[in-house]
Structures are given as C-alpha cells and as structure tokens.
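In: no sequence on this one, just coordinates:
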C-alpha cells in the first residue's frame, strides 16, 4: 500500500489577534503566510508536501499533557477570524495517483461551515449518463 501525499492552503483573511493566530499556526504545524500588497493585514496558512504527508492535521501534540490530542483545526480557526471574515481551506492529494482526493471548507467567525468534496462528482455525474468509471487505479 502506498502513502497519501497532499497539499493544503487557505485563502487570505483578517484575524482578531495576529500573534495568537501565529501561535495557532505553530500549534498545528501550519506555515503562516501573509498577503503582499493591498489590501494589507490579510493572512493565511499552507501545508506543503514536505511537511509530513501534507494534509490538514487531525490533531496536535499537547506539551502540557505530553500527549497527542485529536481535534479539528478548522473549528479553532473560526475563533481567530474577525467578524464577517470567511476562511476557505482547500486540500488535495493522491496515493501514487491511484486515488485522488480533495475537499474544501469555508468557515466564518461564527463557526458556520460549507464543505465540498471531490468524491461528490460521482453523484452529480449520474445525472449526465449511466456509463462512467471512477478516477482510480
């Protein structure tokens, strides 16, 4: 069985407290990014393939507990957003191109979410015809 390698990044958005957001990025092993140019004050994050297996983490190491804590960074991200801001996070990856996967989530400062998944295309494709194969090995 092959390993899955992915890439992930966010859009740019405004946060309530820049230093606390940087701490959030460090906690989750996200690479902090800042938009160059106008408008000023927009930040985000990314995860490159070189960072482990690349996708969004499903937990973090809590130094106080000296243990791994399973959690969703997207839930915590909402707490950093300024009122009215919407963060969008996209992830895609593949297992030796045998299986391609991806999703995107939009979340606002209230914690409200909208999510799409690449696998949803199969249900939509059924409306177009009955002869199709899956995008996999």
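Out: The structure has been received and is ready for your questions. Every value quoted in this text rests on a predicted model; they were computed, and no experiment measured them. Numbering: from 1, shown residues only.
In: residues in contact with the residue most central in space within the chain?
Out: Centroid-nearest residue in the chain, with Cα atoms, centre = their mean: residue 89, separated by 4.1 Å. Listed by Cβ atoms under 8 Å, 6 or more residues apart in numbering, the contact set of residue 89 reads 8-11, 56, 74, 77, 104-105, 107. C-beta coordinates here come from the backbone N, C-alpha and C atoms, glycine included.
In: The same query, at a cut-off of 10 Å, please.
Out: 8-11, 30, 44-47, 56, 73-74, 77, 103-107, 115 (Cβ atoms under 10 Å, 6 or more residues apart in numbering).
In: Buried among these? Make that a PyMOL selection.
Out: Only the buried members of the contacts of residue 89 enter the following PyMOL selection, criterion being 16 or more other Cβ atoms under 10 Å:
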select buried, resi 8+9+10+30+44+45+46+47+56+73+74+77+103+105+106+107
